[in-house]
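In: Provided below for reference: sequence and predicted model.
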Amino acid sequence: MSTNDDRKGLQSLSRRQFSMGLAALPLIGMPGLSMAAKYPTAQVNTTKLAVTDTEVIVGQLHSATGTMAISETGSIQAERLAIEQINAMGGVLGRQIKIIQEDGASDWPTFAEKSKKLLVNDRVAAVFGCWTSASRKAVLPIFEKENGMLYYPTFYEGLEQSKNVIYTGQEATQQIIYGLDWVAKEKKAKTFFLIGSDYIWPRTSNKIARKHIENFQKGKVVGEEYYPLGHTNFNSLINKIKIAKPDCVYAIVVGGSNVAFYKQLKAAGITADKQLILTISVTEDELLGIGGENCNGFYACMKYFQSLDNPNNKKFVEAFKAKYGAKEVIGDVTQAAYLGPWIWKATVEKAGSFDIDKIAAASAGIELKTAPEGYVKVHENHHLWSKARIGQIQTDGQFKLIAESPNLIEPNPFPKGYQ
Amino acid sequence: MTASELWNIVLMQGFAGLSLFSVLLLMGLGLAIIFGQMGVINMAHGEFMTIGAYTIFLISSLVETYAPGLMPYYFLIAIGVAFVLAFGAGWLAEWALIRHLYKRPLDTLLATWGLSLGMQQTFRSIFGAKEVSPTLPEWLMGSWSPAEGLDIPINGMFVMALTLLVTGGVFLMLYRSRWGLRVRATVANRTMANAIGINTRKTDRMTFAIGCGIAGVAGAAFTTIGSTGPTSGSLYIVDAFLVVTFGGAASLFGTVASAFGIAQAQSITEFFLNGSMAKVITLLAIVTILMIRPQGLFALKVRR
Amino acid sequence: MTKLRHWLGTSDLAGIALLALLVFVVMPLSTDIFRLNLIGKYLTYAFVAVGLVMLWGYGGILSLGQGVFFGLGGYCMAMFLKLEASDPISTKIQSTPGIPDFMDWNQITALPTWWEPFRHLPFAILALLVIPTLLAFIVGFAMFKRRVGGVYFAIITQAVALILTVLIIGQQGYTGGVNGMTDLKTMLGWDIRTDSARYILYFVNAILLFAAIFACRAIQKSKLGTLMLAMRDKEDRVRFSGYDVANFKVFVFCLAAMLCGIGGAMFSLQVGFMSPSFVGIVPSIEMVIFAAVGGRMSLVGAVFGTLLVNFGKTYFSESFPQLWLFLMAALFIGVVMAFPNGLAGLFEDYVKPWLLRTRAKQPDVPPAEPVVEETTRSVASRTGDSVEPLPAPTAGRLGPAVA
């Protein structure tokens, strides 16, 4: 039924794309043509992916609707920007990238359904997508079974490694340990209060944080609390913090709860001059909703801030704002999502092929010198080597860079001593 | 910990309970009018609240750009505007949808569910999928500390005062006004009310619109304590329904009492247990009590 | 054949035949395995919709917590499959091999005792039938004996759905939390992810669904079905006639719950995972909408409704990603406003009179008379009652209650 329609749509689209490709040829110039000629389709695509002489189709799978759309919109925008820029440079192996976008609708089963559609029906060469751990867990078995390639942008809890996924965000230890060490060293924090939304990422992250605080820093955890996703009333929790009087509150609250949490903290008189708060779940995107004035002075540990001062980032921020408007902000995950298509392009060119197995094998060691966050490299475990940075929240909703790790931190999704 | 510190915590915890009470009451009130008086299940209640929240956002950005001097005062006016806009939207929804469905109360649930989907997507198309943050006046933020170590949230007090005002207003309207008389007559006996010359159509529309307007006010007030985004309203809807059902649908007094009970139960269990368990225990208690007293805490005696 | 026709009524027979043709012949032949697997997933929701026809259409009880039972059934099956997928060899990188991965992530070092029985398939199957039914019995017994009904019942079932969701998410060491139970691989060594397994599961699912439809039809045709209709329309009179109304309600609630459990288990098998996003309030309401679109009085209609809404969802979201929520909203509102009896109502009001007219012109078709009798009776029982007396075409023009 609808399959036929889809196929028809695909054909007509590719025909249109084809003529567009021809029209664009003079613009791209000879390099594009010679690239495509140098890499005949029969050679670069031996597994029947959606790759023709002129174009390659990739999938994009995020929530454009539902509660997660708030967070995932930035990733959608960044991936589109990257793909547009790659196309303007002549595409990948001389082929223009075309996107099929699917809506995961903030619903994990829908993610599974759509990922299957992208891999089985559309035969996409790569998928850029997912945001929450739950959506990634839902699609992972499908990517492994159908042999697809997922570029996953979010910082996450670790404990996972797959041939079919490239994790462009940080795994837990890359984000947590540097931040805790910084707080212990610079702010002399000894006692910690851990707070999280009730699901796997905050729980696993807090587990790692607790082990690090107790076993390596010889500090003390004076409280650990979880609240259901979407919880909007934190006054009782705030009173508990007041009783415990921790040196540092370590917060991993997400989504709509985030806004309520910080607004109520401020209203309860817990401000930066009285209480040290370190979070790993607030980026520039979240600050849009919270309002910088409600949490200025608190610290976040990320690998990227929009305010980073380097030429790569300047170019990226400019291009992003030119495309989506001057008011847009860029958070850590948005930047990580932007890396996805670039890493994929570099990998395909290194492998000289679109085949998933070859890409999976060629991924380790891929470097990106043009990344807005600076230099990154893909580890053998398919995570990125990256730096960790501490930023302080300003009233305008941006971060001020306070500290950064001197070297790239090795990704370690299965950390020993933290299990 | 000294005795005075302990005392401060007790005071602040007591205030936390009261503040949650006013939040629950404010979000339940509009629903209580619509659900209790008309028997209509308005699943789009949360989205009417979101209208109020976005009104605050719009007006705050306008004022910030064009008349920064008015920043301290705009909020009160904006709440009024939120009421008017949500009222208008409610009026329209009643005219287009609800009035055709009075004989089928369970169907209003499906229709308003569709409505809420549509409204969410409308917000997303107009304001973007990301959350926004209205700039609130300085005086609304921060805390009032009458003593060392005692911080009473100003936004909490504000919501409380507003709840008091709105609840008082609703009671007055319902029991001291012509409209209230008509509403009560219609609830008691629709046919008879119609027969003695009450325009029940108009009464229904007015009731629905006022309920939505109050939802708008609630949404506007919650910008001080919560988020503003396309799906923010869905955070409140279930709690709002529980408050109204638990109180006994047709009784406003019941809604007040149940909001109080639920708020105290939740804030106390939250204090002694963790958040997730507190939620489960509160909900279990509600369901158990509802099984023993299915008509809710306070029900009108109706012959069935 | 005539006996069957008499038993079912012509329109039902036509509907069932059409559905059977569609499900067993047209769809497997015309679609590839990916789409067929998707349809199989939709058909698991159809169990819930069929249960809702019995519960809501015939029993007059609207439950907004059917996802609870769907989820419980699904989880029972998923627990069995997860245990099989977590044998010590394939989980050797864990700190405790042999337990499900999410337990390992949550520092649980031994399988909890209440998980132990789920190592056995017969127990899992028994559990997925009994646990939803038992919960329905407890909730139903407490509520119906106290004569809770209508909107209150709907809201209370919503609260139950909320509680279970919060519990499952909060106890993630034992349940997998928000992520649910993913990566289910084999059943008794049989790889459920292969294409052939998917075909087999699809047909097993379809056969079970038809069995459920026939069973429900038998109940509708029995004295019990008649009593249920009577109870829905004039509960007091049935009570005064000496029947214990609550018992019937509890029965039909349990029946619906059991059907949900079967659907949930088939879902886990076909999709390969189970998550709390099926237990909550939103999916429960969506399931009610499936039944409403299909027609709350028609078992076959409910299946068609489920298919239609889900096709709509998939098609709209693939073709109009920006607009699809508007289209879904329009679908819900449109169905409620214009076609209160759903697809089945449309069929009754427009297609069937036309069919009868064409048939009347051909006198050589023998059993015309009994057919007419049969259909008028069933039409009467469908639309002629006092609860929903709205013929579709005029529904939009009727004023408020007092008009």
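Out: Structure's in. What do you need? Since this is a predicted model, take the numbers as computed values, not measurements.

In: Return the distance of C:F34 relative to chain B.
Out: 27 Å (CB to the nearest CB, to the nearest Å). All C-beta atoms are positioned from the backbone trio N, CA, C, and that covers glycine.

In: ok, that residue - contacts?
Out: The neighbours of C:F34, taking CB atoms under 8 Å, 6 or more residues apart in numbering or on different chains as the test, are A:116-117, A:120-121.

In: go with 6 Å
Out: Residues in contact with C:F34 (CB atoms under 6 Å, 6 or more residues apart in numbering or on different chains) are A:120-121.

In: Phi, psi for it please.
Out: Dihedral pair for C:F34: phi -60, psi -50, per degrees, to the nearest 10.

In: Quick check, A:T73 in contact with B:G128.
Out: No. Between A:T73 and B:G128 there is no contact under CB atoms under 6 Å: 7.3 Å.

In: Can you show me the strands along the stretch 1-150 of chain B?
Out: B:143-147, B:150-153 (DSSP state E, counting those that start in this stretch).

In: excluding its backbone neighbours, what's nearest the one residue in chain B that gets nearest to chain A?
Out: With CB to the nearest CB, the shortest gap between chain B and chain A falls at B:E131, namely 2.8 Å. Spatial nearest neighbour of B:E131, excluding adjacent residues (CB to CB, 6 or more residues apart in numbering or on different chains): A:G289 at 2.8 Å.

In: What residues of stretch C:173-180 count as buried?
Out: C:173-180 (16 or more other CB atoms under 10 Å in any protein chain shown).

In: nope, stretch A:293-313 is what I was after
Out: Result for stretch A:293-313 [16+ other CB under 10 Å]: buried residues A:293-308, A:312-313.

In: for stretch A:320-335, same thing?
Out: Buried residues in stretch A:320-335 (16+ other CB under 10 Å): A:320, A:324, A:328-335.

In: go on, stretch C:322-337?
Out: C:324-329, C:331-333, C:335-337.

In: Check these against chain A and report the nearest one.
Out: Distances from chain A to the buried residues of stretch C:322-337, taken by CB to the nearest CB, are shortest for C:L325, at 5.7 Å.

In: so where's the stretch 201-304 of chain B shaky on pLDDT?
Out: B:249-250, B:299-304 (pLDDT under 70).

In: and it, which residues reach chain C?
Out: Residues of the stretch 201-304 of chain B lying near chain C by CB under 6 Å from any CB of the partner chain: B:201, B:238, B:241, B:245, B:276, B:279-280, B:283, B:287, B:290-291, B:294.

In: Which pair of the residues you listed spans the longest distance?
Out: Greatest spatial distance in those: B:R201 and B:S276, 46.1 Å, computed using CB to CB.

In: Which of the residues of the stretch 201-304 of chain B next to chain C fall in helices?
Out: Counting by DSSP state H, those place B:201, B:238, B:241, B:245, B:276, B:279-280, B:283, B:287, B:290-291 in helices.

In: quick one: which of these is most hemmed in?
Out: The residue in these with the most neighbours, by other CB atoms under 10 Å in any protein chain shown, is B:T245 (30 neighbours).

In: my guess is that residue contacts C:I155, does it?
Out: Yes. Counting by CB under 6 Å, B:T245 does reach C:I155; the two are 4.4 Å apart.

In: got the residue ranges for the strands in chain C?
Out: With DSSP state E as the criterion, chain C has strands at C:186-187, C:190-191.

In: And chain A, is the first one touching that?
Out: The reference is to strand C:186-187. No. Figure legend: strand C:186-187 not in contact with chain A (CB under 6 Å from any CB); closest approach 12.3 Å.

In: any chance of the buried residues of stretch C:173-180 in JSON lines, plus distance to chain B and pLDDT?
Out: JSON lines is the format used below for these (distance: CB to the nearest CB, whole Å; pLDDT from 0 to 100):
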{"residue": "C:G173", "distance to chain B": "13", "pLDDT": "84"}
{"residue": "C:Y174", "distance to chain B": "13", "pLDDT": "89"}
{"residue": "C:T175", "distance to chain B": "12", "pLDDT": "90"}
{"residue": "C:G176", "distance to chain B": "15", "pLDDT": "87"}
{"residue": "C:G177", "distance to chain B": "11", "pLDDT": "86"}
{"residue": "C:V178", "distance to chain B": "12", "pLDDT": "85"}
{"residue": "C:N179", "distance to chain B": "16", "pLDDT": "86"}
{"residue": "C:G180", "distance to chain B": "17", "pLDDT": "88"}
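
In: restrict those residues to those near chain A?
Out: Okay, of the buried residues of stretch C:173-180 touching chain A (CB under 6 Å from any CB), that's C:177-179.

In: Closest one of those to A:N147?
Out: Using CB to CB, these come closest to A:N147 at C:N179, 22.4 Å.

In: Now for the closest one: which residues touch it?
Out: So C:N179 contacts A:134, A:137, A:200 (CB under 6 Å, 6+ apart).

In: Please look at A:V376 and A:L384 and confirm they touch.
Out: Yes. Applying CB under 6 Å as the test, A:V376 and A:L384 come out as touching, 4.9 Å apart.

In: Show me which of these two is the more surrounded one.
Out: More neighbours surround A:L384 than the other of A:V376 and A:L384, with 27 against 24 (other CB under 10 Å).

In: what about the more buried one, which SS state?
Out: Following DSSP: H, G, I helix; E, B strand; the rest coil, the label given to A:L384 is strand.

In: and it, bridged to which residues?
Out: A:V378 (DSSP bridges).

In: Show me which positions of stretch A:380-387 end up buried.
Out: Going by 16+ other CB under 10 Å, stretch A:380-387 has these buried residues: A:381-387.

In: What are the contacting residues of it?
Out: A:161, A:166-168, A:171, A:303, A:364, A:376-377, A:379, A:404-405, A:408, A:411.

In: what's the answer for stretch C:41-53, then?
Out: By CB under 6 Å, 6+ apart, stretch C:41-53 touches C:66, C:70, C:205, C:209, C:212, C:256, C:259-260, C:262-263, C:266-267, C:270-271, C:287, C:290-291, C:296, C:299, C:302-303, C:306-307, C:310.

In: just these that are near chain B?
Out: Applying CB under 6 Å from any CB to those, none is adjacent to chain B.

In: Could you list which of those residues belong to helices?
Out: C:66, C:70, C:205, C:209, C:212, C:256, C:259-260, C:262-263, C:266-267, C:270-271, C:287, C:290-291, C:299, C:302-303, C:306-307, C:310.

In: So for chain C, which of the strands of the stretch 1-150 of chain B sits nearest?
Out: Judged by CB to the nearest CB, the one of those that comes nearest to chain C is strand B:150-153, at 26.0 Å.

In: Give the burial count for the closest residue to A:R389 other than its chain neighbours, as a bare number.
Out: Leaving aside its sequence neighbours, A:R389 sits nearest to A:E404 (CB to CB, 6+ apart; 4.3 Å). If you count neighbours by other CB under 10 Å, A:E404 ends up with 17.

In: what's the spacing between A:E404 and C:L129?
Out: Distance of A:E404 to C:L129, computed by CB to CB, to the nearest Å: 58 Å.

In: what do you get for B:Y54?
Out: B:Y54 is 48 Å from C:L129, by CB to CB.

In: Tell me which of these two has more neighbours.
Out: Between B:Y54 and C:L129, B:Y54 has the larger neighbour count (other CB under 10 Å), namely 25 against 17.

In: per-residue pLDDT, that one?
Out: For B:Y54, the model assigns a pLDDT of 95.

In: ok, it - contacts?
Out: B:Y54 touches nothing, counting by CB under 6 Å, 6+ apart.

In: which of the contacts of stretch A:380-387 lies closest to B:I79?
Out: Of those, the one sitting nearest to B:I79 (CB to CB) turns out to be A:K303, at 41.4 Å.

In: Which parts of chain A belong to which domain?
Out: For chain A, automatic domain parsing gives the domain ranges A:2-170+A:311-385, A:172-302+A:387-404.
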